[in-house]
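Chemist: no sequence for this one, just the structure:
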């Protein structure tokens with residue numbers, strides 16, 4: 001295979017030069033940034049011997065299809081980097097028939113129209129014609145691309161001597177307390193190793209709504225502490241030093257009530273223990289993307305690390321989650337798919353979200 005190098009002010013500009021010169025026969029091998037934000041270089045491979053034949057048997061054709069999937073997987077990151085570059089192409093007036101079905105499915109998912117149209121622009125420009133002839137390959141391509149566009153935080157076993165502290169925050173009624181109970185049960189009983197778990201309820205306004213979690217703690221025989229200020233908060237963390245996991249439940253807050261959100265922030269700021277706290281923003285999956293962004297922005301003072309979505313069983317559209325997570329570039333750690341403790345908790349994966357996006361939520365796939 002021969003290689004050629006093309007340069008441009010953006011990766012797309014460089015690849016466009018390559019496409020103009022060598023057409024669809026080039027294979028993208030590498031994208032490099034030569035000068036930060038001003039000059040990029042793409043390395044394109046060209047097969048030295050291009051032999052056209054109509055006598056390819058089924059096994060060779062299958063090998064060719066597999067080869068194209070591998071090449072497209074390598075291109076996904078390059079395509080992803082250009083997805084939201086609105087200046088690249090004008091969207092065609094008519095959708096090619098081979099893309100019509102997948103476009104219709106994705107558009108009905110609630111995904112942001114701008115995201116979808118830019119994905120289609122890039123795909124129409126760079127997908128090899130050979131792949132367009134196979135509907136199955138088109139479907140696999142889109143699933144691969146969508147999976148690469150979102151971040152997830154995979155659940156891992158704790159290293160020896162490491163404590164994990166997780167605080168769940170979010171609006172009222174999203175299911176934070178039930179989610180804390182699910183996580184507590186998971187870490188205590190359902191993982192390969194049974195971890196020691198402690199619970200903290202942060203009740204800075206002395207609302208007193210801790211009965212539900214206290215009941216769960218009693219059933220699971222877990223220590224639970226209720227605190228009302230930053231001093232008690234640090235003391236509670238230290239008192240649970242023997243635990244592998246400490247889960248912190250917080251009161252549900254309106255995203256517009258900055259005074260109450262600030263109280264939680266004070267506890268985080270005044271934390272004088274040796275433990276880092278992973279702050280997880282919990283939101284219902286049925287919330288509109290615009291409202292998800294408002295919630296995120298108003299809770300962002302807490303330095304959100306991960307996001308968790310609840311009530312996946314109560315909606316049929318998941319494009320709002322996809323577009324929102326793609327926008328904020330924060331990983332998803334868990335999905336809550338019902339009220340049952342601990343069964344209705346799913347460790348986040350891009351496969352699961354994309355399946356929900358394209359095929360709908362199916363409980364038998366959990």
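Modeler: Perfect, I can see it now. Note that this is a predicted model, so its numbers are computed, not measured.

Chemist: Could you give me the buried positions within the helix or strand where residue 139 lies?
Modeler: Secondary structure from DSSP states H and E places residue 139 in helix 135-148. Buried residues in helix 135-148, counting neighbours by 16 or more other Cβ atoms under 10 Å, are found at 137, 138, 140, 141, 142, 143, 144, 145, 146, 147. Any C-beta I mention is one placed from the backbone N, CA and C, and that applies to glycine too.

Chemist: Would you mind identifying the next helix or strand past it?
Modeler: strand 164-169.

Chemist: show me where this structure has helices.
Modeler: For the chain, the helices defined by DSSP state H cover 11-22, 58-82, 97-107, 113-126, 129-132, 135-148, 176-185, 211-220, 230-239, 258-269, 289-299, 319-328, 350-359.

Chemist: looking at the ones you listed, which is buried most?
Modeler: Comparing these by mean neighbour count (mean count of other Cβ atoms under 10 Å), helix 176-185 comes out on top with a mean of 24.

Chemist: Out of the helices of the chain, name the one with the poorest average pLDDT.
Modeler: When the helices of the chain are compared on mean pLDDT, helix 58-82 scores lowest, with a mean of 53.

Chemist: before we move on, back to that, save the helices of the chain as TSV, and put in distance to residue 163 too.
Modeler: What follows is the helices of the chain, written out as TSV (distance: least, Cβ to Cβ, whole Å):
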stretch	distance to residue 163
helix 11-22	42
helix 58-82	35
helix 97-107	42
helix 113-126	38
helix 129-132	48
helix 135-148	32
helix 176-185	15
helix 211-220	18
helix 230-239	9
helix 258-269	16
helix 289-299	24
helix 319-328	27
helix 350-359	28
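
Chemist: among those, which is nearest residue 46?
Modeler: Closest to residue 46 of the helices of the chain is helix 11-22 (Cβ to Cβ; 6.0 Å).

Chemist: Quick one: list the elements packing against that closest one.
Modeler: On a contact count with 3 or more Cβ pairs under 8 Å, 6 or more residues apart in numbering; DSSP states H and E, helix 11-22 meets strand 2-8, strand 27-35, strand 39-46, helix 58-82, helix 113-126.

Chemist: follow-up on the earlier one: mind checking which of the helices of the chain is nearest residue 282?
Modeler: helix 176-185 (5.0 Å).

Chemist: Now do the closest one: which elements does it pack against?
Modeler: strand 164-169, strand 197-202, helix 211-220, strand 245-250, strand 332-336, strand 345-347.

Chemist: about what we covered before: residue 245: which of the helices of the chain is closest?
Modeler: Between the helices of the chain, helix 176-185 lies closest to residue 245; by Cβ to Cβ that is 7.7 Å.

Chemist: neighbouring contacts of the closest one?
Modeler: Residues outside helix 176-185 that contact it (Cβ atoms under 8 Å, 6 or more residues apart in numbering): 166, 168-170, 197, 199, 212-213, 216-217, 220, 222, 245, 247-250, 252, 282, 308, 310, 334, 336, 339, 341-342, 344-345.

Chemist: Quick one: distance of it to the chain centre.
Modeler: How far helix 176-185 lies from its chain's middle: 21 Å, per Cα atoms, centre = their mean, to the nearest Å.

Chemist: same check, this time on stretch 101-116
Modeler: 17 Å.

Chemist: same check, this time on stretch 108-123
Modeler: Mean-position distance between stretch 108-123 and its chain equals 17 Å (Cα atoms, centre = their mean).

Chemist: could you dump the helices and strands packed on helix 176-185 to a markdown table with distance to residue 19?
Modeler: Below are the helices and strands packed on helix 176-185 laid out as a markdown table (distance: least, Cβ to Cβ, whole Å):
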| stretch | distance to residue 19 |
| --- | --- |
| strand 164-169 | 47 |
| strand 197-202 | 55 |
| helix 211-220 | 58 |
| strand 245-250 | 51 |
| strand 332-336 | 35 |
| strand 345-347 | 40 |
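
Chemist: ends of stretch 275-294, how far apart?
Modeler: This stretch, stretch 275-294, spans 29 Å end to end (Cα to Cα, to the nearest Å).
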